[in-house]
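Asks: one predicted model, sequence on top.
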Amino acid sequence: MLISLLQAIASGVVTGCAYALVALSLVMIYKSTDVINFGGGEMVMIGGYLAMFALLAIGLPYAGAFVFAAVVAFMVGAAFDRVVLDRMLGRALPGQSVLVAMVIATVGLSYVLKGLVRVVPYTEEVRRLAPLFAGDPVFLGPIILQRQDIAIVVIAVLLMRAWWAFFNFTLLGKALRATSQNPRAAALIGIPVRAMRMTIWGIAAIFAAMAGILLGPKLLMTPDMGSVVILAFAAAIVGGFHNLPGCILGGVVLGVVQNLVGLYISSRAIVLTPFVVIMLVLVLRPQGLFGGAVVTKKV
Amino acid sequence: MQPLFQIRDVSLQFGGLRALNGFSMEVAQGSIHALIGPNGAGKSSVFNCISRFYTPSGGDIVFDGHSLLREPAHRISAIGIARTFQNIELLRRLTVLENILIGMTQRINAYFPFAPGARRNAAERNAVRDADALLERLELASYRNVPAEDLDFGHQKLVDLARALASRPRMLLLDEPAAGLRNREIATIDALLVDLARRQGITVVLVEHVMQLVMAVADRITVLNFGEKIAEGAPERIRADPKVIEAYLGTAGDA
Amino acid sequence: MYGSPSYARLAPLLALVVIGIVLPPLVPQYFLSLGNTLMMYAILAVGLDLLLGWAGQFAFAHIAFYGVGVYGTVLLQSKLGIPFIPGVLIAAALAGLIAFLIAVAAIRLHSVYLALATFAFAESAQWVFNSWEGLTGGADGLRIAPPSVLGWTTGTDARAFPVIAIILALVIGATMYLTRSRLGRSLCAVRDSEHAAAVSGIDVFRTRIWAFVISGTYAGVAGGTFALFQSFVNPEAFGFSQIVLVLSMVVVGGLGTLPGPLIGAVLLGLLPEIMRTAMRGLFVWQELVYGLILILSMMFMPRGIWGLIAARGGRSK
């Protein structure tokens, strides 16, 4: 009994790390543009397919597949901001909010990506991405982990570390952070806000795509696999949506809770977990579980 | 004589931050009372307490013998207090006329939408007639059917004011009415305030940074700094008060 | 402009009723079926627009209330023998009641948070429809016996068509009254600025709750019309793609207007039909086309088709 609990927690942490990457992607975009990206799940999905394409069609090694997927995902995210959102903001009258329109456009993005993937080869049949490392599972005491699981945790943690260092120690990272905290002030001190926003969209797309590659071998690859995004939304909500470290923790919490629900309640209820978490957290503690005040608008 | 409006020892806290600290103020019926102070002194917090957007942690706010703290935000208008906003809070997509009608909400009774036509239509017709008269008076009549978001800044401020006046308030709270306006427009506001207070007997509480306006119209001035009252009195006295000068100069003030 | 709508403005509704009665014998069954679907979507879209466009509440739970309307009407009829008219009224009231509870629970949430909370509710509701097999038949679905409306048995597209036309006319008429009332104006005020609304004497919470209740009730009525011309229902009709479809109808047509969602319902309701019939080879491209329509319409007409028409005509609404 204890062993199955430990096992559930361990595999929850593994998938939770991948959810955390997607949650980071969502929160990055939200913090810098106020937009909730409903296309986030499809960015995960194209990450998986790009890697599959690189492995199968181009014949790249796995490392190459990561780079290929990252580059293409960056271009997709950045292009969406430059071609669509930037123009919408540019067209808006001063003071007029185009936020709803921008959010709907991200729904459009999700359909476009899904639609594109459906018409390219490799998608008619359901596939599974090859695992990153083949080989026997690893025993950690009584817990069994696949090598892929360890790869997921290691790569996710490395990505988050790299991202943290980038934001805190590089000039570009600091400029990005300033832009997402206060675009108007950033513009005043000469930061090219539009280019920064585009970069954030690109980086956010990379994070989602990386999660797609990591989850690819664990989930079935279908054009609809973007629905995992709901777990990332729940993770972000648990973390407070403004709070980047919070959403990483939120991802892990979600992964674990999902497995515990499967273990103790019913496997049918697993899919319901993120929705219930979202509703409970928002109704009972809208600022998220991990501190942070509710932001009130100044009048 | 009992003052029309009293703020008694009000304190307001956001987490660990103390926005108002034992603040008191009295406003006489029919006067123009200015509330000034450096940025962040707590002036808008005072207004937001009166509007019941914030609830003070201590003290009381009393209008004509009633404590406002017992009322929800939407009842304040019916009690007789209207206000404008610093960063204009317009009903952007509604027309100028509709903005005024929103200000008259308390006077249009039919809440339920499917009320029988005749009575509701009569209430609406009366409201529209009054709104048109108000627009005429503020020289906004030619913009009657223009969406508020299409107006220039000066006219938007005027619409915000007109919406507040439409409820026929006994007391009007104006949050920086002159900010961002040109001199000619400030002169209009100046004349309008004097007209409201002297001829129509509306009590005016004014938060303002444009000292030229404050000194010209105010009967009495209260100075706020770091959430506390540092001076109060007639304009000439405030102008000469060393504490006030220090508060403004010490913060590289806007005076 | 406010007050009761004039008879001239109500005239198109009479025309809709007349068309509903005259048309069925004259056109092929396929078009009637399409017409029924479009009219049902029109009711859904008009109801969602009251919440999203008029009251500015970014909420996604609409499709769940629609589901309550469908299952409510069908089950009241099959399990309790309640005829269509009281059945649909009870089901719509139930949808409104659930909307009320959602509104009260979510009253402090705005924008993203409201969107996600209501979206989560809609997905949970679909899960309930799927799992409550004793009532809904689960994923296998539920057969719908043809309802009888005052002795007029529907069930075929031709016989349902006039009934749905009358319901749509009533819904549009009610919306005209509503949007031209003080409550309608209050909805807009709450959308544009809760602060300005509150200091003008509008009870913001109460107004937002009304918006949810009215919108939920409309969705319940739309659900009732579903039972008039469909013979089968399963939970797939209440999934995310349906949420997005109705949302797109409102947004592409024009938020916060009455003609907008009607135009949107017709255009986007026809789209899958056109792609399925006229452009058979292009069917796999459906999602792509649909996504592009959403993106392009948001880029080039953020106020929707009706917003564009109204701006050209120099009218504010």
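Replies: Perfect, thanks for sending it. Numbers count the residues shown, from 1 in each chain, chains lettered A, B, ... in the order given.
Asks: when you work out contacts or count neighbours from here on, use the C-alpha atoms and nothing else.
Replies: Noted.
Asks: which positions in chain B make contact with chain A?
Replies: Neighbours of chain A within chain B, by Cα under 8 Å from any Cα of the partner chain: B:44, B:48, B:85, B:86, B:87, B:149.
Asks: can you give me the helices for the stretch 151-300 of chain C?
Replies: Secondary structure of the stretch 151-300 of chain C (DSSP state H, counting those that start in this stretch): helices located at C:157-179, C:182-192, C:194-199, C:204-229, C:240-253, C:259-277, C:286-300.
Asks: state the helix or strand in which residue C:90 lies.
Replies: Using DSSP states H and E, residue C:90 sits in helix C:84-105.
Asks: C-terminal to that helix, what's the next element?
Replies: Downstream of helix C:84-105, the next assigned helix or strand under DSSP H and E is helix C:111-131.
Asks: so that next one, near chain A or not?
Replies: Yes. Helix C:111-131 comes into contact with chain A (Cα under 8 Å from any Cα), by way of C:112, C:113, C:116, C:117, C:118, C:120, C:121, C:123, C:124, C:127.
Asks: mind putting those residues in CSV, pLDDT and neighbour count included?
Replies: Shown next, in CSV, are the residues of helix C:111-131 next to chain A (pLDDT from 0 to 100; neighbours: other Cα atoms under 10 Å in any protein chain shown):
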residue, pLDDT, neighbour count
C:112, 79, 18
C:113, 86, 23
C:116, 88, 26
C:117, 90, 29
C:118, 92, 24
C:120, 91, 25
C:121, 92, 22
C:123, 89, 24
C:124, 91, 21
C:127, 90, 20
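Asks: so residue C:124 touches residue A:275, yeah?
Replies: Yes. Between residue C:124 and residue A:275 a contact is recorded at 6.4 Å, counting by Cα atoms under 8 Å.
Asks: ok so, going back, next, format the helices of the stretch 151-300 of chain C as TSV and append mean pLDDT and mean neighbour count.
Replies: Listed next are the helices of the stretch 151-300 of chain C as TSV, based on pLDDT from 0 to 100; neighbours: other Cα under 10 Å:
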stretch	mean pLDDT	mean neighbour count
helix C:157-179	90	22
helix C:182-192	89	24
helix C:194-199	92	25
helix C:204-229	94	27
helix C:240-253	88	24
helix C:259-277	87	20
helix C:286-300	89	21
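Asks: out of the ones you listed, which gets nearest to chain A?
Replies: Among the helices of the stretch 151-300 of chain C, helix C:286-300 comes nearest to chain A, with 4.0 Å by Cα to the nearest Cα.
Asks: next, the angle from that closest one to helix C:259-277.
Replies: In terms of direction (axes from the mean of the first three to the mean of the last three Cα atoms, to 10 degrees), helix C:286-300 departs from helix C:259-277 by 150 degrees.
Asks: run through the helices of the stretch 151-255 of chain B in chain order.
Replies: Using DSSP H, counting those that start in this stretch, helices in the stretch 151-255 of chain B cover B:153-165, B:183-194, B:211-217, B:235-240, B:242-250.
Asks: what's the angle from the longest one to helix B:183-194?
Replies: Looking back up the chat, that one is helix B:153-165. On the basis of the same axes, to 10 degrees, helix B:153-165 is oriented at 10 degrees to helix B:183-194.
Asks: got phi/psi on residue B:27?
Replies: Per-residue torsions, residue B:27: phi -120, psi 130 (degrees, to the nearest 10).
Asks: from residue B:64, how far off is the closest residue to it other than its chain neighbours?
Replies: Counting by Cα to Cα, 6 or more residues apart in numbering or on different chains, residue B:27 lies nearest to residue B:5, which is 5.1 Å off, once chain neighbours are set aside. Distance of residue B:5 to residue B:64, computed by Cα to Cα, to the nearest Å: 6 Å.
Asks: these two: who's more crowded?
Replies: Remark: of residue B:5 and residue B:64, residue B:5 carries more neighbours, 20 against 14, as counted by other Cα atoms under 10 Å in any protein chain shown.
Asks: quick one: pLDDT of residue A:94?
Replies: Residue A:94 is assigned a pLDDT of 60 by the prediction.
Asks: before we move on, which element is residue 21 in?
Replies: Just going to use chain A. Assessed by DSSP H and E, residue A:21 sits inside helix A:2-33.
Asks: wrong one, I was asking about chain B
Replies: Residue B:21 belongs to strand B:17-27, assigned by DSSP H and E.
Asks: dump that strand to PDB, restricted to CA.
Replies: The C-alpha coordinates for strand B:17-27 follow below in PDB (Å, rounded to 0.1, in the frame of the first residue of the first chain):
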ATOM      1  CA  LEU B  17       1.000  49.200   4.200                       C
ATOM      2  CA  ARG B  18      -0.800  51.900   6.100                       C
ATOM      3  CA  ALA B  19      -2.600  54.100   3.500                       C
ATOM      4  CA  LEU B  20      -4.500  56.300   6.000                       C
ATOM      5  CA  ASN B  21      -3.700  56.800   9.600                       C
ATOM      6  CA  GLY B  22      -6.400  58.300  11.900                       C
ATOM      7  CA  PHE B  23      -7.500  60.700   9.200                       C
ATOM      8  CA  SER B  24     -10.300  63.200  10.000                       C
ATOM      9  CA  MET B  25     -11.900  65.900   8.000                       C
ATOM     10  CA  GLU B  26     -15.100  67.900   8.100                       C
ATOM     11  CA  VAL B  27     -16.900  69.400   5.100                       C
END
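Asks: neighbours of residue 56, how many?
Replies: Since no chain was named, I'll use chain A. Using other Cα under 10 Å, residue A:56 is surrounded by 15 other residues.
Asks: let's do chain C instead
Replies: Residue C:56: 24 surrounding residues under other Cα under 10 Å.
Asks: where does it land in three-state SS?
Replies: Here residue C:56 is recorded as coil under DSSP: H, G, I helix; E, B strand; the rest coil.
Asks: so who does it touch?
Replies: Residues in contact with residue C:56 (Cα atoms under 8 Å, 6 or more residues apart in numbering or on different chains) are C:187, C:188, C:190, C:191, C:192.
Asks: dump these to TSV, plus distance to chain A.
Replies: As requested, these are exported to TSV (distance: Cα to the nearest Cα, whole Å):
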residue	distance to chain A
C:187	17
C:188	15
C:190	15
C:191	12
C:192	10
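Asks: which one of those residues is nearest chain B?
Replies: residue C:192 (4.8 Å).
Asks: filter the residues of helix C:111-131 next to chain A by proximity to chain B?
Replies: Okay, of those, nothing touches chain B (Cα under 8 Å from any Cα).
Asks: before we move on, back to that, which of the helices of the stretch 151-255 of chain B is buried the deepest?
Replies: Sort the helices of the stretch 151-255 of chain B by mean neighbour count, taking mean count of other Cα atoms under 10 Å in any protein chain shown, and helix B:153-165 sits at the top with a mean of 23.
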